[in-house]
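Participant: After the sequence you'll find the predicted model.
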Amino acid sequence: MSEVKPSIGSSLEEFLDDLGERDDVYGEALKRILAWQIEDARKQQSISKSEMAVKMGTSRTQVERVLDPQNVAVSLDTLERAARSVGKRLEVRLVDV
């Protein structure tokens, strides 16, 4: 059997906390996941970005922003409209940390 080596240093969360970047990293990761899920649903249903824009009541440029995983400056309202445009619902909830 191989010997289990103890971990060295702190957890990733502690490291990000020390840098003061935990919230930013988590926010960006969450946005990337949402963008990927919305884009996946859009493709599965063969909805064009232009059709999605019409369903959202916005421009195709705004759809591009929503689907851009790097763009974290998207409101919850916009994410909800994007989710509905592909037949999904955005669910936001608080969890204990």
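Facilitator: Okay, I see it. Numbering: from 1, shown residues only.
Participant: Run through the residues that contact the most centrally placed residue in the chain.
Facilitator: For the chain, the residue sitting closest to the mean C-alpha position, by C-alpha atoms, centre = their mean, is residue 31 at 2.2 Å. Counting by C-beta atoms under 8 Å, 6 or more residues apart in numbering, residue 31 touches 69, 71-72, 74. Just so you know, the C-beta spots here come from the backbone N, C-alpha and C atoms, and that holds for glycine as well.
Participant: Any of those buried? List them.
Facilitator: For the contacts of residue 31, a burial check counting by 16 or more other C-beta atoms under 10 Å picks out residue 74.
Participant: Report the buried residues of the top helix by length along the chain.
Facilitator: In the chain, taking DSSP state H as the definition, the longest helix is helix 22-44. Within helix 22-44, the residues that count as buried by 16+ other C-beta under 10 Å are 31, 34-35, 38-39, 41-42.
Participant: follow-up on the earlier one: can you redo the contacts of residue 31 as TSV with distance to residue 54, secondary structure and pLDDT?
Facilitator: Below are the contacts of residue 31 laid out as TSV (distance: C-beta to C-beta, whole Å; DSSP: H, G, I helix; E, B strand; the rest coil; pLDDT from 0 to 100):
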residue	distance to residue 54	secondary structure	pLDDT
69	23	coil	88
71	21	coil	89
72	25	coil	85
74	18	coil	90
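Participant: how about residue 76, what does it touch?
Facilitator: 90, 92.
Participant: where does this structure have low pLDDT?
Facilitator: Low-confidence segments of the chain (pLDDT under 70): 1-2, 4-9, 12, 16-17, 22.
Participant: Try it again at 90.
Facilitator: For the chain, the stretches with pLDDT under 90 are 1-31, 69-73, 92-97.
Participant: Tell me where it has strands.
Facilitator: Using DSSP state E, the chain contains no strands.
Participant: and the residue nearest to residue 34 when sequence neighbours are not counted, how many neighbours?
Facilitator: Take residue 34 and drop its neighbours on the chain: the residue closest to it by C-beta to C-beta, 6 or more residues apart in numbering is residue 79, 6.0 Å away. Around residue 79 there are 17 other residues, counting by other C-beta atoms under 10 Å.
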